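**Q** Quick one, what's the 3D model for this:
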Amino acid sequence: MKKSYIYAGISIFVWSTIASIAKLLLGELSNFQVLFISCFFAFLFLLIVNIITGDIKKLKEYKFKDYIITTLVGLPGTFFYQLFYYSGTERMAASQAFIVNYLWPIMGVIFACIVLKEKMTPRKAVAILLSFLGVVIVTGKGLMHFNRDIVIGAAFCILGAVSYGLFTALTQLVNYDKKISSMIYYFNTFVLTGVYILISGNTFTLGGLQILGLAYNGIFCLAVGTTCWAMALNNVGKTAKIANLAYITPFMSLVWTAIILKEKINALSIVGLCVIVLGILIQLKDKKQT
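**A** Here you go, the predicted structure:
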């Protein structure tokens, strides 16, 4: 159990920097370009780790169907999730996009009930409603004024949350090595985005700082964060239990965006986050989870 919280803590810390790093990278690169290079670094890092640990030998045990299953499980959590999130971040403030995107732990609870047949308790239902209310509060000003970028950006971030929520549930249905699986996930996304870039003719060049930013994003935000999160879920066995901890991340992210991007901490964002956390606190009172 302690290892699960250590893994979750690592994920929470590196993920809190995603909003700032993504916004900086998307200022000069497209979402496909950022995902393409980031996934290359994520794949390369995990390949080296698996070679050093000797886990790479496990690939010999994989059959064709195992690669297909791993690919299908990984697509919502890497390819679709990242593309939706980056698309949302391009259109709204990084802090807002990150908070809206953090519907995904609640989406994980919903898909845990649908896919894993976990019981939907009244407290979980209240937590879900409060989480969505929190998102409405965060984006309320833009929605009321029919700000096109806010509306589209929020929609993309919600789709990203749905994708990752599904991914967290699907990972519980398979029992593959987490580091090997993550390596395959990012290799597949690297290939898919690479094919799109080649077909679209969307060529680009990179500067030194961009390479460093993409390397950090790929190695830490993607490879380390996702792998540690999968290992945390794998050790606990109940998706909802660890998913609650992920709500610490948006608060940390607000600090990073204020420091790095100089974004003002919006009062509605704080209120929305507090409503979301209130829902989680209510859920944590569930005797069955405790």
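**Q** pLDDT value on the residue nearest the centre of the chain, please?
**A** With distances taken as CA atoms, centre = their mean, the chain has Tyr164 as the residue nearest its mean C-alpha position (6.1 Å). For Tyr164, the pLDDT comes out at 91.
**Q** Secondary structure class of it, three-state.
**A** The three-state label for Tyr164, taken from DSSP: H, G, I helix; E, B strand; the rest coil, comes out as helix.
**Q** any idea how far Ile110 is from it?
**A** In this view, Tyr164 and Ile110 are 12 Å apart by CB to CB, to the nearest Å. Bear in mind the C-beta positions are built from the backbone N, C-alpha and C, glycine included.
**Q** what's the answer for Ile21, then?
**A** For Ile21 relative to Ile110 (CB to CB), the value is 28 Å.
**Q** Ok, Thr71 next?
**A** 24 Å.
**Q** ok, those two, which is more surrounded?
**A** Per other CB atoms under 10 Å, whichever of Thr71 and Ile110 has more neighbours is Ile110, with 22 against 17.
**Q** in the helix or strand the more buried one falls within, what counts as buried?
**A** Following DSSP states H and E, one finds Ile110 within helix 104-115. Using 16 or more other CB atoms under 10 Å as the test for burial, helix 104-115 gives Trp104, Pro105, Ile106, Met107, Gly108, Val109, Ile110, Phe111, Ala112, Cys113, Val115.
**Q** Surely the third one and Leu130 touch.
**A** No - applying CB atoms under 8 Å as the test, Ile106 and Leu130 come out as separate, 9.1 Å apart.
**Q** what's the overlap in contacts for the two?
**A** Counting by CB atoms under 8 Å, 6 or more residues apart in numbering, the residues touching both Ile106 and Leu130 are Gly279.
**Q** Quick one: low-confidence residue ranges for the stretch 51-200 of the chain.
**A** Within the stretch 51-200 of the chain, the stretches with pLDDT under 70 are 140-146.
**Q** quick one, helices of it?
**A** With DSSP state H, counting those that start in this stretch, the ranges of helices along the stretch 51-200 of the chain come out as 64-75, 81-91, 94-101, 104-115, 122-144, 148-170, 178-200.
**Q** Next SSE downstream of the host helix or strand of Lys3?
**A** Element membership of Lys3 [criterion: DSSP H and E] is helix 2-15. Toward the C-terminal end, the helix or strand that comes next after helix 2-15 (DSSP H and E) is helix 18-26.
**Q** which outside residues touch that next one?
**A** Residues outside helix 18-26 that contact it (CB under 8 Å, 6+ apart) are 34, 85-86, 89-90, 94-95, 97-98, 210, 213-214, 216-217, 221, 225, 253, 256-257, 260-261.
**Q** Buried members of these into ChimeraX, please.
**A** Applying 16+ other CB under 10 Å to the contacts of helix 18-26, the buried members can be selected in ChimeraX as follows:
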select :34,85,86,89,90,94,95,97,98,210,213,214,216,217,221,225,253,256,257,261
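**Q** From Tyr67, how far off is the residue of the chain most remote from its centre?
**A** For the chain, the largest distance from the centre (CA atoms, centre = their mean) belongs to Lys60, which lies 29.4 Å off. Separation of Lys60 from Tyr67 (CB to CB): 12 Å.
**Q** Thanks a lot, catch you later.
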